[in-house]
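Engineer: Fold the following, please.
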Amino acid sequence: MADDKRDFRFDAAALAPSARALRFFAVGLVNTAFGYAIFYFVWRATLDSVVAAGVSTALGALFNFLSIGRLVFGSSDSRFLGRFIAVYAALFLVDALALRALEHYGAEAALAQAALTPVLATLSYLLNRDFVFRAGGGGA
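Structural biologist: As a prediction, the model looks like this:
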């Protein structure tokens, strides 16, 4: 019988985020503040969370395309804008459905949106990295 002992050493370096992921996080803080401010002011003006999410997503998408493209993925190539908009449309659907579900169970819209932000940010990074800017430049 062969000795089938495997080496299970912990490799902390493998868990470290890439430089690109850290740049995405830093840019994402600015983008999130911008988008959340728009959401909050539109929500206060209309009292409709889905309208507020739609307006903040639309305005945020253009702002974020420039900041994420240039600062995270090293590209401001406008050919990626269509895929970027498609990703934001998908994120809006996820956001709107989750907001309605959380509100149905009694969550206040502003707090629900704040709770959804980390989930949406993670989805945004993965979709931008693997779908929108996959052919773009920039460091890893």
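Engineer: Walking through this structure, point out its helices one by one.
Structural biologist: Chain-ordered helices for the chain, with DSSP state H as the definition, fall at 12-15, 19-46, 49-67, 81-104, 109-127.
Engineer: dump the residue contacts of the residue nearest to residue 21 when sequence neighbours are not counted.
Structural biologist: What sits nearest to residue 21 in space, not counting adjacent residues and going by CB to CB, 6 or more residues apart in numbering, is residue 125, at 6.7 Å. To be clear about C-beta, it is placed using only N, CA and C from the backbone, and glycine gets the same treatment. Shown in contact with residue 125 (CB atoms under 8 Å, 6 or more residues apart in numbering): 21, 24, 28.
Engineer: Now do the last one against residue 34, distance only.
Structural biologist: Read it as residue 28. According to CB to CB, to the nearest Å, residue 28 and residue 34 sit 10 Å apart.
Engineer: Of these two, which one has the most company?
Structural biologist: Set residue 28 next to residue 34 and count neighbours by other CB atoms under 10 Å: residue 28 wins out with 23 against 16.
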